[in-house]
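In: Pasting the sequence and the predicted model now:
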Amino acid sequence: MRFALIGAGAIGTVHARLIDALGDEAALVAVVDQNLERGGKLAEQYGARAYATPADAYAAEELDAVGICLPSALHADVAIEALEAGKHVIVEKPVDITLAAADRLIAAQRASRLTVSVISQRRFQPPVAQIRAAIDGGALGRVTSGIAESAFFRPQSYYDGDDWRGTLAVDGGGALMNQGIHALDLLVWMLGRPVRVSAQTGRLAHEGIEVEDLAGASIVFESGAIGLMLASTAAYPGRPVRLTIHGDQGTAILDDDQLAYFAAANAEEPAAPALDGPDDWGPVELAHLAQYRDFIAAVREGRPPAVTVEAGRRSLATVLAVYESARTGRPVELED
């Protein structure tokens, strides 16, 4: 599959490495970046060509798919442009920063019948798959609660390094929208449809930003289960994502990218799937690669990807409900 990457910044560099690791499954043939010098350097590294705009790349290259690695507020519009050019799309999280933008992308994807997937690579980690298998197989019984912690640290220089970081107009949010959304996505994937959110946010350790560096939320799900979410970029020195899922027949805990604890009254620990990739890659990188493989397989098999635009929208809707609850001081009801 022939890919173009749109965005040659830090996350674009990650995606280029992923595509290169796919070997015969994929090839990076174009890199698009307004900064042609930056785009050219990344393109040269992987034997691709650099372009200043997506339209230039679509006109010059035979492309199957596009990876979108731009600031969050640009995701949906650039993805829609790719769909209208006949390209499948894999887009970084979040799907965008507004539900209106996400809905435009859903409509465009359905009209085009092309494949669109939103990056949520942690779903592909073996211990996460084990927990989901335990839920699906009934090993945990009725799922009653979950706790997701994304206690990261970002120095002030992280926000100072790009003029769009920490802005509401482009970044859309802070510790929850950009870092904690991965853990939140897992919580929602495990517990189901969220229906009510109560939350608080704060900006405690950073200056000159419009967004939160701390968010805490209580989420009620359609099943009656209750989830707790903590997202931070003000937790020095930072900890790996931790996810706890409780049921009336068992408990499972993800910590430091491992299944740290599993206990069930009437079931054994599910088997962990294996992930293929370079031996020196870490578990999150391998999971990222696994999502690319799922995306390619979905295109070839004509099936939905494991992480659809609708799934990305549900996580975004939950994030936005957290922000609205924190702003108003009241619980927020979510519609499906």
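Out: Ah, there it is.

In: residue boundaries of the helices in the protein?
Out: Using DSSP state H, the helices found in the chain span residues 10-21, 36-45, 54-60, 75-84, 99-112, 126-136, 156-160, 181-191, 283-301, 309-328.

In: mind checking which of those helices is nearest residue 275?
Out: Closest to residue 275 of the helices of the chain is helix 283-301 (C-beta to C-beta; 4.2 Å). In this view, the C-beta of every residue, glycine as well, is placed from N, C-alpha and C.

In: elements contacting that closest one?
Out: The elements that helix 283-301 packs onto, with contact taken as 3 or more C-beta pairs under 8 Å, 6 or more residues apart in numbering; DSSP states H and E, are helix 10-21, strand 65-68, strand 88-91, strand 116-118.

In: go again using 6 Å as the cut-off
Out: Under the contact criterion of 3 or more C-beta pairs under 6 Å, 6 or more residues apart in numbering; DSSP states H and E, the helices and strands touching helix 283-301 comprise helix 10-21.

In: still on that earlier bit, tell me the most buried of the helices of the chain?
Out: Each of the helices of the chain was assessed for mean neighbour count using mean count of other C-beta atoms under 10 Å. The highest is helix 181-191, with a mean of 24.

In: and the direction of that helix versus that of helix 126-136, what angle?
Out: Helix 181-191 and helix 126-136 meet at an angle of 30 degrees, taking axes from the mean of the first three to the mean of the last three C-alpha atoms, to 10 degrees as the criterion.

In: And the contacts of helix 181-191?
Out: Residues lying outside helix 181-191 but in contact with it, judged by C-beta atoms under 6 Å, 6 or more residues apart in numbering, are 93-94, 120, 122, 146, 148, 150, 221, 225, 227, 229, 241, 243, 245, 315, 318.

In: Cross those against strands and list the overlap.
Out: Taking DSSP state E as the definition of strands, these contribute 146, 148, 150, 221, 227, 229, 243, 245.

In: Of those, which pair is most distant in space?
Out: Among the ones in strands among the contacts of helix 181-191, 150 and 221 lie farthest apart (C-beta to C-beta), at 18.7 Å.

In: ok, those two, which is more surrounded?
Out: residue 150 (26 against 21; other C-beta atoms under 10 Å).

In: That one and residue 180 touch, don't they?
Out: Yes. Counting by C-beta atoms under 6 Å, residue 150 does reach residue 180; the two are 3.8 Å apart.

In: Geometric centre of the chain: which residue is closest?
Out: Closest to where the C-alpha atoms of the chain average out (C-alpha atoms, centre = their mean) is residue 120, at 3.4 Å.

In: these two touch, right, that one and residue 307?
Out: Yes. Under the contact definition of C-beta under 6 Å, residue 120 touches residue 307, with a separation of 4.6 Å.

In: Skipping adjacent residues, who's closest to residue 306 in space?
Out: The shortest distance from residue 306 to any residue that is not its chain neighbour, by C-beta to C-beta, 6 or more residues apart in numbering, is 4.8 Å, and that residue is residue 294.

In: correction: residue 291
Out: Counting by C-beta to C-beta, 6+ apart, the residue nearest residue 291 is residue 121, at 4.8 Å.

In: Can I get the helices of the chain in TSV including mean pLDDT and distance to residue 277?
Out: Conversion of the helices of the chain to TSV gives the following (pLDDT from 0 to 100; distance: least, C-beta to C-beta, whole Å):
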stretch	mean pLDDT	distance to residue 277
helix 10-21	98	6
helix 36-45	98	19
helix 54-60	98	27
helix 75-84	98	26
helix 99-112	98	28
helix 126-136	98	12
helix 156-160	96	27
helix 181-191	98	19
helix 283-301	98	4
helix 309-328	98	23
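
In: wait, which of the ones you listed is closest to residue 175?
Out: Going by C-beta to C-beta, the one of the helices of the chain nearest residue 175 is helix 181-191, 9.5 Å.

In: Give me the angle between the closest one and helix 309-328.
Out: Orientation of helix 181-191 against helix 309-328 (the same axes, to 10 degrees) gives an angle of 110 degrees.

In: between helix 181-191 and helix 283-301, how many degrees?
Out: Here helix 181-191 runs at 60 degrees with respect to helix 283-301, directions being taken by the same axes, to 10 degrees.

In: Quick one: distance of helix 181-191 to the chain centre.
Out: When distances are taken as C-alpha atoms, centre = their mean, to the nearest Å, helix 181-191 is centred 10 Å away from the chain's centroid.

In: returning to that earlier point: how about the contacts made by the residue nearest to residue 291?
Out: The neighbourhood of residue 121, defined by C-beta under 6 Å, 6+ apart, consists of 287-288, 291.

In: likewise residue 229?
Out: When the contact criterion is C-beta under 6 Å, 6+ apart, the partners of residue 229 are 148, 184, 217.

In: Residue 60 versus the residue nearest to the centre of the chain, what's the distance?
Out: Remark: distance between residue 120 and residue 60 (C-beta to C-beta, to the nearest Å) = 31 Å.

In: go on, residue 276?
Out: Separation of residue 276 from residue 60 (C-beta to C-beta) stands at 33 Å.

In: Kindly state the beta-bridge partners for residue 51.
Out: Residues found in beta-bridge contact with residue 51 (criterion: DSSP bridges) are residue 32.

In: List the contacts of it.
Out: Taking C-beta under 6 Å, 6+ apart as the definition of contact, the neighbours of residue 51 are 30, 32, 57.
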